[in-house]
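In: Generate a structure from the sequence data that follows.
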Amino acid sequence: MRDRTADKGKWIPEQEYDEITKKIPILGIDVLPLKPGTDNMVGLMLRDTYWRLRRWCLVGIGVQHGEPIVTAIQRAFHWSLGDGVSLDLSTLQLRDVVEYFPEPDTGEFFDPRKHAVALTYTCIMTGRPEPQGKAIDFKWFARDALPESNLIGFGQGQLLPRLLNSLYQDTQSQTTTEESSSLHDRQAGAHSK
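Out: Predicted coordinates:
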């Protein structure tokens, strides 16, 4: 396993970071991993959240100064799930922009540690996850067998249905486009005879 301390060169010391996040929002990324070959399986990692509550969550991380978003996404997966996983970046899609507030009832999503704005993506992930860092476990879940909302951290239980609906709409749109293309090809073939 790679030494992760070398990757932290651009990051701020923890005490200074805590002071900054008390004053300004931070930019983060969250990703819902998709299992290849199926539109039915999504991945969640188990981690300790605020108040030491262990919950299922999207894979996420804060974006470092000067760091491209794609690099932050790759860093999040490698830090949480190890070097044995790969992302198919051609499938990376921004699905939502989510705001986490430090005060409950300010918005849909809650993180008492900080105010954060997270670009929220889906992406196909392959390989063998080896939970590490903040990740305690990783599992694939069928869309109709997700953990109960109260077992999902940071209010992301409300976000998952939106992400899944967005995926479903993409699948439906792709099917409709393929059917239209096929019909057009058949009609064009009939006219050329």
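In: which element is Gly107 on?
Out: Here Gly107, judged by DSSP states H and E, is contained in no helix and no strand.
In: In contact with it, which residues?
Out: For Gly107, the residues meeting the contact criterion (Cβ atoms under 8 Å, 6 or more residues apart in numbering) are Glu99, Tyr100, Phe101. In short, each C-beta sits where N, CA and C put it, glycine included.
In: Pull the number of nearby residues for the last one.
Out: The one in question is Phe101. A count of nearby residues for Phe101, using other Cβ atoms under 10 Å, gives 18.
In: which residues in this structure form strands?
Out: If you assign secondary structure with DSSP state E, the strands in the chain sit at 26-34, 41-48, 54-57, 59-62, 85-101, 109-110, 116-127, 135-142.
In: Flag the shaky bits of this structure, pLDDT-wise.
Out: Applying pLDDT under 70 to the predicted model, the residue ranges of the chain that meet it are 1-10, 171, 174-193.
In: Spatially central residue (nearest the centroid) of it, please.
Out: If you average the C-alpha coordinates of the chain and look for the closest C-alpha using Cα atoms, centre = their mean, you land on Val31, 1.1 Å from that point.
In: partners of that residue in the sheet?
Out: Val59, Tyr121 (DSSP bridges).
In: any idea how far it is from Thr71?
Out: In this structure, Val31 and Thr71 are separated by 13 Å, where distance is defined by Cβ to Cβ, to the nearest Å.
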